[in-house]
Structures are given as structure tokens and as C-alpha cells.
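Undergrad: Take a look and give me a structure for this.
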Amino acid sequence: MEIIRAYIRERVIIEDCGHSTPCWCWSRCTRDGYGRADIIGRHLQAHRVSFEAFRGEIAAGFEIDHLCCVTNCVNPDHLEPVTPEENLRRKCQRRGLTIGGKPSLPHPPSSGRSIGWRGQLTHCSNGHEYSPDNTLKRPDGLRRCAACYRRNNANKIRRRSERRAAARLARMAGGIAGGSSSPSYTLAHSTHPDIARPGDGTGL
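TA: Below you'll find the model as predicted:
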């Protein structure tokens, strides 16, 4: 378990996001604003990995609520396991869900996908307003925050560029350490008929 804890610590940036204690913001891959951890070839939610590494097992069927409202935070002190219904209730409360002009805190079913209640949210999980200029339509009919989508794409491009640059440097370092791997040809060993060999009387 200590290996997982070290894995988490190496991949976070400590930031003061206004909570009582600093957030551990995930610095690697994210999806929909939530950190993604690559553990033994499996892509897992970083906040769940962090909670289980520092606090213990999460009960079956429970979700993790970010008390600091920072979705890419993996600080175990900012995470709380709750039921799906309670998690949705808190999200609706924080984001000002209203139906018919009156505040409402519905409890959608925990199974299946409901577009109706999601369509009533006024802000994304990172606090960006679902304005006409900041709303994208997903193929499944749900909305996507344009600001988060652009940020996630920019992060993916940056990480891809960093990986490629690191790979190029590794190849260059390997070439320098091991010498050139390209074959070396000399006129003395050439068998091409148009290339003269020293001493055969055909050279200039």
C-alpha cells in the first residue's frame, strides 16, 4: 500500500483552493475533470485510489464526494464515501439546481441514466456556467462544458508532447551512450562496380 501512496504523492500538486486544508490536485491524466490513475495497466479514478490507499476500503455501491468541490483533488481529507443518492443531492444543492423556478433537491434513481435532472444543472462540476457559448452537446444527449473540454484536450496534447519529447531524449541518450548504430561503409570494402577499390587501378 505504501507504493500506492508514493505513487499518489508523486503525481499531485499542492494548491490552496479555499478549503480548510490544501487540495492535492492530480497533475496527470483527467477525464471529465476527475483524475485518472494507471495502476497495473488499469485506468482507475485517482480519488478512489487515494482514499483506499490512505483511509481504507470503500463500501460497495458508494461514491466519493469531494468536500472541497475540486473534482481533481485526491486529498483523502477532502473525500467522503456516500451513497449515490446523497452524492447527487449534494451536487444539486451546490450547483443551484432549480425546477419550475423553485429550489429542488431531487433524488434520481442510482441506476440508469437520467437526462432530465442533469439538464437542470446550471453549472458543471468545476463551476463553469452552462451558458450557450459554453455548452457542447454529447452524442448521448447530455451536455458537456466547453471550457472543461478545451482544458482537458489541451492537457492531453501537452502530455503527449512531453511523452514524445522524453522518448526522443531517451533515444538520443541511448545513441550517445552506445555509439552510432548505423552501419559504416568504406570504399575499401565496397562491392559496388561503380565504386573503385584502392589498388585496383580504376581509381582516379
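Undergrad: Please go through the chain and pick out the longest strand.
TA: Across the chain, the longest stretch assigned as strand under DSSP state E is strand 34-39.
Undergrad: elements contacting that one?
TA: helix 2-9, strand 42-45, helix 46-54 (3 or more CB pairs under 8 Å, 6 or more residues apart in numbering; DSSP states H and E). Backbone N, C-alpha and C define where each C-beta goes, glycine included.
Undergrad: what would these look like in CSV with mean neighbour count?
TA: Converted to CSV, the helices and strands packed on strand 34-39 look like this (neighbours: other CB atoms under 10 Å):
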stretch, mean neighbour count
helix 2-9, 13
strand 42-45, 12
helix 46-54, 22
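Undergrad: Out of those, the one nearest L136 is which?
TA: strand 42-45 (22.6 Å; CB to CB).
Undergrad: what packs against that closest one?
TA: strand 34-39.
Undergrad: Just give me how far the strand it packs on sits from the chain centre.
TA: 6 Å (CA atoms, centre = their mean, to the nearest Å).
Undergrad: Tell me the strands beside it, with direction?
TA: strand 30-31 (antiparallel), strand 42-45 (antiparallel) (DSSP bridges).
Undergrad: Show me the shaky parts of this structure.
TA: 95-120, 140, 176-204 (pLDDT under 70).
Undergrad: just so I have it, where are all the helices in it?
TA: In the chain, the helices defined using DSSP state H lie at 2-9, 46-54, 84-94, 115-118, 146-178.
Undergrad: Please identify the most buried of those helices.
TA: Stretch with highest mean neighbour count among the helices of the chain: helix 46-54 (a mean of 22; mean count of other CB atoms under 10 Å).
Undergrad: quick one: contacts of that one?
TA: 1, 4-5, 8, 11, 24, 26, 28, 34-37, 39, 58, 64, 66, 72-76, 79, 81 (CB atoms under 8 Å, 6 or more residues apart in numbering).
Undergrad: Give me the buried entries from those residues.
TA: 8, 11, 24, 26, 34-37, 64, 66, 72-76, 79, 81 (16 or more other CB atoms under 10 Å).
Undergrad: In strands, which of these fall?
TA: Going by DSSP E, the strands hold 24, 26, 34-37, 64, 66, 79, 81 from the buried ones among the contacts of helix 46-54.
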